[in-house]
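A.B. asks: model this:
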Amino acid sequence: MKVEINRARCKECGLCIHNCPKKCISKSDELNDAGYYPVQIDDEACIGCGICYTVCPDGVFHVLG
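C.D. replies: Numbers count the residues shown, from 1 in each chain. Below you'll find the model as predicted:
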């Protein structure tokens, strides 16, 4: 499975980073339009478990089946 990120919605809360079992989510180096450093995913390490989708309060993640 693949996970897509809506960079514009990310507010840098860190819930996804702290809850990812594979530790494949990190902050990017580029600001989004709201002035936050949105998250990025290492697609090679991601297992598509959907925990990031579940814990994110801002709807940043979309898991593709």
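A.B. asks: for the chain, just list every one of the helices.
C.D. replies: Here the chain has its helices, by DSSP state H, at 15-19, 51-55.
A.B. asks: any idea which residue is closest to the centre of the protein?
C.D. replies: When CA atoms, centre = their mean is applied to the chain, the residue found nearest the centroid is V39 (4.9 Å).
A.B. asks: ok, for that one, nearest residue in space, not its chain neighbours?
C.D. replies: Distances taken as CB to CB, 6 or more residues apart in numbering place I25 nearest to V39, at 5.2 Å, with adjacent residues excluded. For every residue, glycine as well, the C-beta is placed using N, CA and C.
A.B. asks: quick one: contacts for the one you found?
C.D. replies: If a contact means CB atoms under 8 Å, 6 or more residues apart in numbering, then I25 has 16-17, 39-42, 52 as its contacts.
A.B. asks: got a quick ChimeraX command for the buried subset of these?
C.D. replies: In ChimeraX, a selection of the buried entries from the contacts of I25 looks like this (16 or more other CB atoms under 10 Å):
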select :16,17,39,40,41,52
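A.B. asks: take the contacts of I25 and write them to JSON lines, including distance to L64 and pLDDT.
C.D. replies: Listed next are these as JSON lines, based on distance: CB to CB, whole Å; pLDDT from 0 to 100:
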{"residue": "C16", "distance to L64": "16", "pLDDT": "98"}
{"residue": "I17", "distance to L64": "21", "pLDDT": "98"}
{"residue": "V39", "distance to L64": "17", "pLDDT": "98"}
{"residue": "Q40", "distance to L64": "16", "pLDDT": "97"}
{"residue": "I41", "distance to L64": "12", "pLDDT": "97"}
{"residue": "D42", "distance to L64": "16", "pLDDT": "96"}
{"residue": "C52", "distance to L64": "13", "pLDDT": "97"}
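A.B. asks: I'd guessed R7 sits against K27; true?
C.D. replies: No. R7 lies out of contact with K27 (CB atoms under 8 Å); the separation is 11.2 Å.
A.B. asks: and the gap between K27 and M1?
C.D. replies: According to CB to CB, to the nearest Å, K27 and M1 sit 22 Å apart.
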